[in-house]
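>>> Next come a sequence and a model predicted from it.
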Amino acid sequence: TQLLEQSPQFLSIQEGENLTVYCNSSSVFSSLQWYRQEPGEGPVLLVTVVTGGEVKKLKRLTFQFGDARKDSSLHITAAQPGDTGLYLCAPAADAGNNRKLIWGLGTSLAVNP
Amino acid sequence: DTGVSQDPRHKITKRGQNVTFRCDPISEHNRLYWYRQTLGQGPEFLTYFQNEAQLEKSRLLSDRFSAERPKGSFSTLEIQRTEQGDSAMYLCASSFDRFEPQHFGDGTRLSIL
């Protein structure tokens, strides 16, 4: 079983502030996905990171995969109310095994106008 | 390209009744996953299929739960003799294979009276 820890679990900030959320594990990931989920909807895929040290940008969102591929972070610049939601990370299954598909609790972000 | 669709979006039923949910994955996706999610939490894995074969079931999936994917396309999740604790969002996701990201439907919200 592959355990994921996401921090912080809750975050409430004002519009225009910057923030970083984290996804950590003791296991090595072959790749990791970040999702955002709004109330009443399913999670929507934001990005997949694959290579250790990789940095991907999606407008004001910057995703980083740790060099050892055990952790990842999501940085949001100048947060807007539309960024409000539950941010989830999840690993892809690796070749040669069927790891239990365990998700973190997510980071619930509220951006106040 | 149509996404993952789930039906119904909402289900309200009395304790003790049986309910069945349907998931239509993205057409070329071989893997199909079922999750349960309660408010403010990340998805909890229930089971997944590779084509029509059910490869893994979580311990969360009691004897009252059964899932099928008879022709390797759509899937159904049935809950028999529903209990209060079954109230949750039931999410379905699909992926092309074990390495590709999962794409989610918008879920079925189950409320047990």
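Ah, there it is.
>>> What residues are bridge-paired with the residue in chain B that chain A sits nearest to?
In chain B, the residue that lies nearest chain A is B:Phe104 (3.4 Å; CB to the nearest CB). C-beta here means a position set from N, CA and C on the backbone, and glycine is covered the same way. B:Phe104 has these beta-bridge partners by DSSP bridges: B:Ala93.
>>> Excluding covalently adjacent residues, which one is nearest to residue 5?
Just so you know, I chose chain A. When the adjacent residues along the chain are set aside, A:Glu5 lies closest to A:Asn24, with 4.8 Å between them (CB to CB, 6 or more residues apart in numbering or on different chains).
>>> meant chain B, my bad for not saying
Per CB to CB, 6+ apart, closest to B:Ser5 is B:Asp24, 4.7 Å.
>>> backbone phi and psi for that neighbour, please?
phi -110, psi 110 (degrees, to the nearest 10).
>>> can you pull the contacts of it?
B:Val4, B:Ser5, B:Gln6, B:Asp7, B:Ser73, B:Phe74 (CB atoms under 8 Å, 6 or more residues apart in numbering or on different chains).
>>> Now with 7 Å, please.
Counting by CB atoms under 7 Å, 6 or more residues apart in numbering or on different chains, B:Asp24 makes contact with B:Val4, B:Ser5, B:Phe74.
>>> most neighbours, which of the residues you listed?
B:Val4 (22 neighbours; other CB atoms under 10 Å in any protein chain shown).
>>> Now secondary structure, distance to B:Leu60 and pLDDT too, for the contacts of B:Asp24, in CSV please.
As requested, the contacts of B:Asp24 are arranged in CSV below (DSSP: H, G, I helix; E, B strand; the rest coil; distance: CB to CB, whole Å; pLDDT from 0 to 100):
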residue, secondary structure, distance to B:Leu60, pLDDT
B:Val4, coil, 21, 96
B:Ser5, strand, 24, 97
B:Phe74, coil, 22, 97
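>>> I'd like the residues you listed written out as a markdown table, with distance to A:Thr51 added.
Compiled in a markdown table, the contacts of B:Asp24 are given as follows (distance: CB to CB, whole Å):
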| residue | distance to A:Thr51 |
| --- | --- |
| B:Val4 | 28 |
| B:Ser5 | 33 |
| B:Phe74 | 35 |
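>>> so, if you compare these, which one comes nearest to A:Cys89?
Nearest to A:Cys89 among the contacts of B:Asp24: B:Val4, at 19.7 Å, using CB to CB.
>>> Over to the closest residue to the closest one other than its chain neighbours: give its phi and psi.
Nearest non-adjacent residue to B:Val4, counting by CB to CB, 6+ apart: B:Gly105, 3.8 Å away. With angles defined as degrees, to the nearest 10, B:Gly105 sits at phi -80, psi 180.
>>> residues touching B:Gly105, list them.
With CB under 7 Å, 6+ apart, B:Gly105 has these contacts: A:Gly42, B:Val4, B:Ser5, B:Gln6, B:Cys23, B:Leu91, B:Cys92.
>>> element containing A:Gln33, please.
strand A:32-37 (DSSP states H and E).
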